[in-house]
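[1] Okay, sequence plus prediction incoming.
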Amino acid sequence: MDANTVRRRKAAKNTQSRETESYDTSSRKTGELFSRAIILLCAVLMSVLCYGYLTSPLSSISIVDNHKIPSWAKQSNKDLERGVRFLDDLIAPESISIDDSGNLYTGLVDGRIVKIINFGEPEQTVVDITQNVAYTAGGDRSTRRVFGIRYFANKLYVADSFQGVFSIDLTSLQWQNIVGYKDTTPPLMLPNDLAITKNGRTLYFVDSSARWTFSEAAWMITEGDCSGRIIKVDLETNQFRVWKDNLCLPNGLELSADESKILVSEFARKRISVFNVATSEKVNTILLPGGSDNIRRSVSGGYWAPIAAFGGPQWFYTEKFPVVRDIMGGLISHDYLFYLTVARFSTSGAAVKISKDFAVQSIHFDKSGKHCSAMSEFHEYAEGKFIVGSYAAAGLVKLEWPDRR
């Protein structure tokens, strides 16, 4: 081997060594840059999460009493798709009441209470009965949103989610305060539904939360708030007291036919709780496939409960991980959080028939959402005849169902 060959081989070896060293150096630099990027990304993510947690309005609680969808709710039918929708210009008619002459009353998202004469007929007429009823005058809450409505002895008894509970004389259209939002300690935050005894002496109503108003409903649901209460009012003496507290977003209320029990929808726990009127002790729990709303007695006996929003595994963030839910409350806008927790589960509807002994008899669906999305009330005004209210949809649905089970 000559000297030139040796020199060439040494030069090639040196070049290869330098290339290897260069590659190793480049690899180390790439690895270091990647590690730094990961560290920076983690730091940014942790900063965002900490920001969400520290700025969150929520104080979420662990929820240990959640349940799976009951097996009886896993059937399929189209029983509620046979209705007819009327009055699409009436937005979100939450609750329904009917007077002795067959006139219908409902509250709308714009704060009005309307009287509907000849509902569902060609000559139906809509009258705003609160046009000159200034029940917000003198208060520091100007918003009106009527939820529960009950008719008794020519008066409407009304639960306004911002203003409190009051009555309207249907002859004079004069209103009278029963329990204003400032009259209780703590103040009423979200009056929702109400019920009156047959003798007209006692009224019960639910205040859904002691912390959140209706405008903050998504935070209330995500937090797992259980500060709701039932307030009992003596209409003769105007005295009232908290009758039951620590309820999980109570939003529907009904007395049993003999008035010995009270049924309460606890929306945030997808159940109806039944309490003894005399003792206020819970005597039964009805587990549901979703959050219920206004419970109403059936003409033929028992009760109807609408499913306002279905719940399943997708509700994990409202059921577990309180820290995660707190972070969500700080990072996600209220309106989008409402979509995540309620609205996207309200596109279909169902009505659950409950017996007088508080056993589930049947469930009936409008899974397409054709007529019964975001259901707030399934009101049986005559045997086999229903009117469907909604907390979000437009119009009222009339449904005749003589062969119901």
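    On my side now, so go ahead.

[2] can you give me the helices for this protein?
    Taking DSSP state H, the helices of the chain run over residues 3-55, 217-223, 316-319, 322-331, 334-341.

[3] In the stretch 151-300 of the chain, what residue spans correspond to strands?
    Assigned by DSSP state E, counting those that start in this stretch, the strands in the stretch 151-300 of the chain fall at 155-160, 164-169, 175-180, 191-196, 202-207, 228-234, 239-247, 250-255, 261-266, 271-276, 282-287, 290-292, 296-297.

[4] picking that back up, select from the helices of the chain the stretch with the lowest mean pLDDT.
    Out of the helices of the chain, helix 316-319 stands lowest, with a mean of 66 (criterion: mean pLDDT).

[5] Identify the residue nearest Ser95 in space, chain neighbours excluded?
    Closest residue to Ser95 apart from its sequence neighbours, by CB to CB, 6 or more residues apart in numbering: Ile149 at 4.5 Å. In short, each C-beta sits where N, CA and C put it, glycine included.

[6] Gln174 against Phe166, yeah?
    No - the criterion here is CB atoms under 8 Å, and Gln174 misses it with Phe166 at 10.5 Å.

[7] neighbour count winner among those two?
    For Gln174 versus Phe166, the count of surrounding residues by other CB atoms under 10 Å is larger for Phe166: 20 against 11.

[8] Assess the claim that the more buried one and Lys155 are in contact.
    No - using CB under 8 Å, Phe166 is not in contact with Lys155; the gap is 10.0 Å.

[9] how many neighbours does Phe240 have?
    19.

[10] Quick one: residues contacting it.
    The contact partners of Phe240, by CB atoms under 8 Å, 6 or more residues apart in numbering, come to Val179, Asp183, Thr184, Ile231, Lys232, Val233, Asp234.

[11] again, only this time at 7 Å
    By CB atoms under 7 Å, 6 or more residues apart in numbering, the contact set of Phe240 is Val179, Ile231, Lys232, Val233.

[12] Buried members of those residues into PyMOL, please.
    In PyMOL, selecting the buried portion of the contacts of Phe240, with burial taken from 16 or more other CB atoms under 10 Å, looks like this:
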select buried, resi 179+231+232+233
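
[13] Need the max-distance pair from the contacts of Phe240.
    Using CB to CB, the pair of the contacts of Phe240 lying farthest apart is Val179 and Lys232, separated by 10.4 Å.

[14] Looking at the contacts of Phe240, which is nearest Ala268?
    Once CB to CB is applied, the member of the contacts of Phe240 that ends up nearest Ala268 is Ile231, at 18.8 Å.

[15] Just confirm that closest one contacts Phe205, I think it does.
    Yes - Ile231 is within contact range of Phe205, at 5.7 Å (criterion: CB atoms under 7 Å).

[16] got the CA positions of stretch 68-76 in CSV?
    Provided in CSV are the C-alpha atoms of stretch 68-76 (Å, rounded to 0.1, in the frame of the first residue of the first chain):
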residue,chain,number,x,y,z
LYS,A,68,-76.8,5.2,35.0
ILE,A,69,-79.6,5.5,32.6
PRO,A,70,-82.4,3.1,33.8
SER,A,71,-83.0,0.1,31.7
TRP,A,72,-86.7,0.9,31.2
ALA,A,73,-85.6,4.1,29.4
LYS,A,74,-83.7,2.2,26.7
GLN,A,75,-86.6,1.5,24.5
SER,A,76,-87.6,3.2,21.3
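
[17] Would you mind pulling the contact partners of that stretch?
    Under CB under 7 Å, 6+ apart, the answer for stretch 68-76 is Leu287, Pro289, Gly312, Val360, Ile363, Phe365.

[18] Looking at those residues, spot the one nearest Leu49.
    Each of the contacts of stretch 68-76 was checked against Leu49 using CB to CB; the closest is Gly312, at 26.3 Å.

[19] so what pLDDT did the closest one get?
    Reading off the model, Gly312 has pLDDT 61.

[20] what do you get for Gly228?
    At Gly228, pLDDT is 97.

[21] Could you measure from it over to Arg344?
    Distance of Gly228 to Arg344, computed by CB to CB, to the nearest Å: 24 Å.

[22] what's the answer for Val283, then?
    For Val283, the distance to Arg344 - CB to CB - is 34 Å.

[23] Equivalent analysis for Thr30, please.
    Distance from Thr30 to Arg344, by CB to CB: 43 Å.

[24] how many neighbours does the closest residue to Leu58 other than its chain neighbours have?
    Distances taken as CB to CB, 6+ apart place Gly329 nearest to Leu58, at 3.8 Å, with adjacent residues excluded. For Gly329, the count of nearby residues is 22 (other CB under 10 Å).

[25] repeat for Asp335
    Asp335 is flanked by 10 other residues according to other CB under 10 Å.

[26] What residues does the closest residue to it other than its chain neighbours make contact with?
    Closest residue to Asp335 apart from its sequence neighbours, by CB to CB, 6+ apart: Ala218 at 7.6 Å. By CB under 7 Å, 6+ apart, the contact set of Ala218 is His334, Leu337, Phe338, Thr341, Val342.

[27] try it again with 6 Å
    His334, Leu337, Phe338, Thr341 (CB atoms under 6 Å, 6 or more residues apart in numbering).

[28] The third one and Asp110: what is the separation?
    It stands for Phe338. 19 Å.

[29] Of those two, which one has the most company?
    Neighbours were counted for Phe338 and for Asp110 using other CB under 10 Å; Phe338 has more, 19 against 12.

[30] Nearest spatial neighbour of that one, chain-adjacent residues omitted?
    Nearest residue to Phe338 in three dimensions, chain neighbours excluded: Ala218, at 3.7 Å (CB to CB, 6+ apart).

[31] Now tell me which helix or strand of the chain has the poorest mean pLDDT.
    helix 316-319 (a mean of 66; mean pLDDT, DSSP states H and E).

[32] ok so, going back, could you redo the contacts of Phe240 as a markdown table and give each row pLDDT?
    Output for the contacts of Phe240, formatted as a markdown table (pLDDT from 0 to 100):
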| residue | pLDDT |
| --- | --- |
| Val179 | 97 |
| Ile231 | 98 |
| Lys232 | 98 |
| Val233 | 98 |
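
[33] Among the contacts of Phe240, which one sits closest to Val126?
    Checking these against Val126 by CB to CB gives Val179 as the nearest, at 28.8 Å.

[34] list the contacts for that closest one?
    Going by CB under 6 Å, 6+ apart, Val179 touches Gly164, Val165, Phe240.
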